[in-house]
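1. Build me a structure from this.
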Amino acid sequence: MSETKEPSTRVLREIERKLRDLSHPAERRELTELLIVASKIQALYERLEKQGPQKDPKGEPPQVKLSEIRTERGESIVGWHFVDIDYVCRLFYEEDRHNGKGGYGFEFYAVGWCGGRRGTVEDASLFDDDPDEINVECLWHGSARFDGVRHLYCGDEQTDNEGYLYYPRLSRIAGVLTELAKLEKRFCNDPPKD
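-> Next comes the predicted model:
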């Protein structure tokens, strides 16, 4: 991307020079809008250059180990409590305790197994292996407060599927949501009434 950075900087300078030379308000407005767009494009290129490649050369999503998943506070979810939705989906959760008391909600993170172990359907769970050996993707994550689930996010930037699930199994999604409803009743002082 370094080849694109220099030409875009040149274009920005050229637009700024022409903008100073123009006296007609309509032309100035048009070039100002073009300058804004060009600046946004340059900022995007610079951000992408800092991030580096998001996918490997084969076009596959990055392999994220379960042990690498972090919450917004930077904590690992591996030590959290969990519920197995099925043999390839696990819902991790941690109660939010305030002053040592419960009822203030919980944080949650549902993951789907993507590989890393040669398990079979007969296994009780494909998550029984070492967290450093299991590749996962985020299905849902978020938080609940005293009055129920407040934030529910689909996918995650960490697993390169933020806002998106590819071929989701609807029964699995229903299982996660059903478990979240149970956790609301267990950890929230004033959960929604059904």
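2. What are the structural domain limits within this protein?
-> For the chain, automatic domain parsing gives the domain ranges 2-51, 64-187.
3. who's in contact with Phe187?
-> Contact partners of Phe187, counting by C-beta atoms under 8 Å, 6 or more residues apart in numbering, are 95-96, 102-106, 144. All C-beta atoms are positioned from the backbone trio N, CA, C, and that covers glycine.
4. What of His141?
-> 71, 108-110, 153, 156.
5. Pull out the buried members of these.
-> Neighbour-count burial (16 or more other C-beta atoms under 10 Å) applied to these gives 71, 108-110, 156.
6. And the pLDDT at Gly59?
-> With respect to pLDDT, Gly59 has a value of 53.
7. And the contacts of the helix or strand harbouring Val149?
-> Taking DSSP states H and E as the criterion, Val149 maps to strand 148-154. Outside strand 148-154, the residues within contact range by C-beta under 8 Å, 6+ apart are 105, 139-144, 162-165, 180, 184, 188, 190-192.
8. Same question for stretch 75-83.
-> Residues contacting stretch 75-83 (C-beta under 8 Å, 6+ apart): 66-67, 69-71, 90-95, 109, 111, 127, 131, 179.
9. what distance separates the helix or strand encompassing Leu177 from the centre of its chain?
-> Element membership for Leu177, per DSSP H and E: helix 170-187. Computed by C-alpha atoms, centre = their mean, to the nearest Å, the chain-centroid distance of helix 170-187 equals 19 Å.
10. before we move on, what about stretch 17-29?
-> The chain centroid and the centroid of stretch 17-29 are separated by 43 Å under C-alpha atoms, centre = their mean.
11. average pLDDT for that stretch?
-> Rounded mean pLDDT across stretch 17-29 is 72.
12. Can I get it in PDB, CA atoms only?
-> The C-alpha trace of stretch 17-29 is given here as PDB (Å, rounded to 0.1, in the frame of the first residue of the first chain):
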ATOM      1  CA  ARG A  17      -3.300  24.500  -4.500                       C
ATOM      2  CA  LYS A  18      -6.200  24.700  -7.000                       C
ATOM      3  CA  LEU A  19      -8.600  25.600  -4.200                       C
ATOM      4  CA  ARG A  20      -6.500  28.600  -3.200                       C
ATOM      5  CA  ASP A  21      -6.500  29.800  -6.900                       C
ATOM      6  CA  LEU A  22     -10.300  29.600  -7.300                       C
ATOM      7  CA  SER A  23     -12.500  32.600  -6.700                       C
ATOM      8  CA  HIS A  24     -15.900  31.200  -7.800                       C
ATOM      9  CA  PRO A  25     -17.900  29.900  -4.800                       C
ATOM     10  CA  ALA A  26     -19.400  26.900  -6.600                       C
ATOM     11  CA  GLU A  27     -16.000  25.700  -7.800                       C
ATOM     12  CA  ARG A  28     -14.500  26.200  -4.400                       C
ATOM     13  CA  ARG A  29     -17.400  24.200  -2.800                       C
END
